[in-house]
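Engineer: this is the structure alone, sequence omitted:
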């Protein structure tokens, strides 16, 4: 595609629910990153995929967060038992290996 | 102390003014990015640099690796430049993840 796309653009859920956030990277980009941006803050790293494997998941805050990229393209970030503190904009970026990262528009998650 | 510090946090300028945003970092890096984020919008990469200076239109980015410092300059600023400007460093090693500063909110008034 022309750029990185993310769906949904907005997600409102209730505390305790499960959510899935999707990222479609730029075609051919092997590297994919998830970041989280809280209000008034810079983004923070969550997880990095090289191909299908999570090469670095050190930024995931706890075991309620999980991400997959089964075919090395689309990735899904999964959050179980959502908490109000999970409310943030979740950003996805993709790149060629060691290349410039291109960001998606983000998914704004609100946990009520 | 954050690994990436930006200054100022907020900046208001008059149209036409020359603007400088500064970024200092404390970790080893393989590259530094300057990014632009409009309210409610996604992040756009302005520059990726690892040495020297780059120019694109009215934007100029410089980096001094020895001093671990970078600057973003905007010449002849315009209200449409109003946005959050974020400095991010690409950590060394296999991950290539970005470590972000907290951003500089720029408002250019007509």
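Structural biologist: Alright, I've got the coordinates. All values reported here derive from a predicted model rather than from experimental measurement.

Engineer: for chain A, what lies in contact range of chain B?
Structural biologist: Residues of chain A lying close to chain B (CB under 8 Å from any CB of the partner chain) are A:31, A:33, A:35, A:40-45, A:48, A:55-56, A:59, A:91, A:93, A:95, A:97-98, A:100-106. Bear in mind the C-beta positions are built from the backbone N, C-alpha and C, glycine included.

Engineer: so for chain A, the centremost residue is which one?
Structural biologist: The residue lying closest to the centre of chain A (CA atoms, centre = their mean) is residue A:34, at 3.6 Å.

Engineer: what residues are up against it?
Structural biologist: Residues in contact with residue A:34 (CB atoms under 8 Å, 6 or more residues apart in numbering or on different chains) are A:23, A:45-48, A:67, A:75, A:77, A:90-92.

Engineer: among the residues of chain A next to chain B, which ones are buried?
Structural biologist: Buried residues within the residues of chain A next to chain B, counting neighbours by 16 or more other CB atoms under 10 Å in any protein chain shown: A:31, A:33, A:35, A:42-45, A:48, A:56, A:59, A:91, A:93, A:95, A:101-106.

Engineer: strands - which of the residues of chain A next to chain B land there?
Structural biologist: Residues of these located in strands (DSSP state E): A:31, A:33, A:35, A:44-45, A:48, A:55-56, A:91, A:93, A:95, A:102-103.

Engineer: in CSV: those residues, plus distance to residue A:12.
Structural biologist: Shown next, in CSV, are those (distance: CB to CB, whole Å):
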residue, distance to residue A:12
A:31, 30
A:33, 25
A:35, 21
A:44, 22
A:45, 25
A:48, 28
A:55, 32
A:56, 30
A:91, 18
A:93, 24
A:95, 30
A:102, 27
A:103, 22
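
Engineer: name the nearest of those residues relative to residue A:13.
Structural biologist: When those are compared for distance to residue A:13 (CB to CB), residue A:91 wins out at 18.2 Å.
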